[in-house]
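[1] Quick one: sequence plus predicted model below, questions after.
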Amino acid sequence: MEASIRLRDIQIVWAAKVFRMVGAIGYGRRLIEGVGRTSFGATIWGSILGYRRTFRALDEAERAVKPYAKGGHENLANLALHLELNRVARPSDYAAFYYLRDPIPAINKIFDLGGNVGNLYYCYKDYLPLRADVSWTVYDLPETIAYGKTLATSRNISNLQFTDDLRQADGVDLFIASGSLQYFDKSLPELLQGLDRRPKYVLINRVPMTEDQDFAVVQDAGHIRVACMLHNRSRLIADFERLGYKVLGEWQATELRLTVLDRPSSSVWAYTGLWLELV
């Protein structure tokens, strides 16, 4: 069984390389998408690409990639990698700093959705005048939380907390979803609407979005494979507006891109950042 999974994985990896190269050419892109629009062609592409095809929902992509995930989000090497990547601010962080510059001195409670081991806290505290008594709560998976707590203790950090309960976001001043929203099947407005007291400020950064219908893909980072959701940008903003939020800033995270192999025209050439305020 393990041998067959390894062989299938090798085949999918090479197929993905071919599709990426062909899809980068105008004629090749039209060929891939033209074949994929037929039911027979879609079946063929799906068979060839396996877990690298597009899916209608996040759970479908998660099931497809599970045998090949290499530990997924809980992979310790992945946790260490992302901690290192966030050691210094990335280009898209400076847009976030611009919108945070005025409200941050008055912000006391922060909720960090999918914040890993506190990566953003360790980065942002070197760039922003965070209050000395700020409460920064990270929401993540149990294995990640355990690692994060150990790391915070070793660094003598007392105002960084961890939780796996979204209800802890009730009443916070700032809600952050940086590089994480795509790993949830529900959109952020859906997550926030269940709170009694919604955050005044919402910071979204490094999230792939689409103007197509919502769909899911699998990201292959080499050391791990994870499913992610591409939410429709216009509908996401409209849903925020129905909750009483207004978009006051938008930017592109050009350091990140995502190739959609069987729908090259839907590839994301820059991730998105948004700053919203409750009005």
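    Perfect, thanks for sending it.
[2] in the stretch 1-150 of the chain, which spans are strands?
    For the stretch 1-150 of the chain, the strands defined by DSSP state E, counting those that start in this stretch cover 109-113, 135-139.
[3] what packs against the last one?
    So the one you mean is strand 135-139. In terms of contacts (3 or more C-beta pairs under 8 Å, 6 or more residues apart in numbering; DSSP states H and E), strand 135-139 is packed against strand 109-113, strand 160-163. Placement of C-beta: from N, CA and C, glycine included.
[4] so how far is that strand from its chain's centroid?
    Centroid separation between strand 135-139 and its chain, computed with C-alpha atoms, centre = their mean, to the nearest Å, is 17 Å.
[5] ok, it: who's next to it in the sheet?
    As defined by DSSP bridges, the strand partners of strand 135-139 come to strand 109-113 (parallel), strand 160-163 (parallel).
[6] quick revisit: and the helices and strands packed on strand 135-139, which is most packed in?
    strand 109-113 (a mean of 25; mean count of other C-beta atoms under 10 Å).
[7] circling back: for the strands of the stretch 1-150 of the chain, give me TSV that also has mean pLDDT.
    Output for the strands of the stretch 1-150 of the chain, formatted as TSV (pLDDT from 0 to 100):
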stretch	mean pLDDT
strand 109-113	98
strand 135-139	97
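[8] between those, which one is nearest to R233?
    Evaluated over the strands of the stretch 1-150 of the chain, closeness to R233 peaks at strand 109-113, with 18.1 Å, by C-beta to C-beta.
[9] Give me the contact list for the closest one.
    Strand 109-113 has contacts (C-beta atoms under 8 Å, 6 or more residues apart in numbering) with 118, 120-121, 134-139, 168-169, 171-178, 180-181, 184, 188, 191, 199.
[10] Tell me which residues touch A216, please.
    With C-beta under 8 Å, 6+ apart, A216 has these contacts: T54, F55, R56, A57, L58, E60, A61, A227, C228, M229, L230.
[11] could you redo the last one with a cut-off of 10 Å?
    Residues in contact with A216 (C-beta atoms under 10 Å, 6 or more residues apart in numbering) are 53-62, 64, 182, 185, 227-230.
[12] From R52, how far out is it?
    As defined by C-beta to C-beta, to the nearest Å, A216 lies at a distance of 12 Å from R52.
[13] Need the residues touching each of these two.
    In contact with both A216 and R52: A61, A64, using C-beta under 10 Å, 6+ apart.
[14] and of the helices and strands packed on strand 135-139, who's closest to Y245?
    Nearest of the helices and strands packed on strand 135-139 (C-beta to C-beta): strand 109-113, 15.3 Å.
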